[in-house]
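> Build me a structure from this.
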Amino acid sequence: MWVPYEKIRNHPQDFNVKYHFYLPQEGGRKKIPYQGYRCDFAYEEYYVEDKSIYAIHPEFEDELGNIILVDDKPVRASGTARMWILFQEMREKVHRNRIKVGTKGYFMEGSRRVGEVEVIEIIGLHTNKEKL
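Residues are numbered from 1 along each chain as shown. Take a look at the predicted model:
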C-alpha cells in the first residue's frame, strides 16, 4: 500500500501536472509504471539547450484527483499527478522561477523522454521547505 508523500514530507506537493506517457513506438516505456515511480523531470523550454534533468517525482492521482494508494498495478497512461521537488536548494534557485501554470516538461529516464507533462496548478512551490 502506498504511503502518500504528504504524510512523509509534512508539506503539500509543489505543483500538479497533467501527463501522458509515450507509447513504445514513440520512444516510451514498454510498460506503464506503478505508483512510486521515480523518474526525473526536464523542462521543455530548456531541455534542447542545456539537457538538464531534475529530481522531481510524480505521485499519481486517480480520475477523481485522489492519490492512487495501490502500488502493485500500473497507473493510467494519461492523467494527473502531484509533483514533488526533492532538493530545497533547487526549489529555491531554479524551480520557483521556472514553474508556472502552463509550463511544459517531460518525465525522464536518463536522457530518454518517456512522457510529457504540463503544469496545471501551483500548490506549495513557493512556501514548501524540506524538513527531512
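
> In the helix ranked longest in the chain, which residues are buried?
In the chain, taking DSSP state H as the definition, the longest helix is helix 44-50. Neighbour-count burial for helix 44-50, counted by 16 or more other Cβ atoms under 10 Å, picks out Tyr47. C-beta here means a position set from N, CA and C on the backbone, and glycine is covered the same way.

> counting contacts, what elements does that helix pack onto?
Applying 3 or more Cβ pairs under 8 Å, 6 or more residues apart in numbering; DSSP states H and E, one finds that helix 44-50 contacts strand 104-109.

> just checking, next helix/strand downstream of the longest helix of the chain?
Remark: after helix 44-50, the chain's next helix or strand is strand 56-60, criterion DSSP states H and E.

> Who are the packing partners of that following strand?
Using 3+ Cβ pairs under 8 Å, 6+ apart, strand 56-60 is in contact with strand 78-85.

> Adjacent strands (with direction) for the strand it packs on?
Neighbouring strands of strand 78-85 in its sheet, by DSSP bridges, are strand 15-21 (antiparallel), strand 56-60 (antiparallel).

> Can you tell me the SS state at the closest residue in space to Thr127 that isn't next to it in sequence?
Computed as Cβ to Cβ, 6 or more residues apart in numbering, the closest residue to Thr127 that is not its neighbour in sequence is His11, at 7.9 Å. Secondary structure assignment for His11 (DSSP: H, G, I helix; E, B strand; the rest coil): coil.

> contacting residues around the longest helix of the chain?
Helix 44-50 is contacted by residues 52, 98, 103-106, 116 when judged by Cβ atoms under 8 Å, 6 or more residues apart in numbering.

> Specify the beta-bridge partners of the residue most central in space within the chain.
By Cα atoms, centre = their mean, the mean C-alpha position of the chain lies nearest to Pro58, the distance being 3.4 Å. Counting by DSSP bridges, Pro58 forms beta bridges with Met83.

> just use 5 as the starting number from now, easier for me
All right, first residue 5 from here; so that's Pro62.

> that older thread, need the contacts of helix 48-54 in a markdown table (columns: pLDDT and distance to Met5).
Formatted as a markdown table, the contacts of helix 48-54 follow (pLDDT from 0 to 100; distance: Cβ to Cβ, whole Å):
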| residue | pLDDT | distance to Met5 |
| --- | --- | --- |
| Ser56 | 91 | 34 |
| Arg102 | 96 | 34 |
| Thr107 | 98 | 32 |
| Lys108 | 98 | 32 |
| Gly109 | 97 | 29 |
| Tyr110 | 97 | 29 |
| Glu120 | 98 | 29 |
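
> Appreciated, that's everything.
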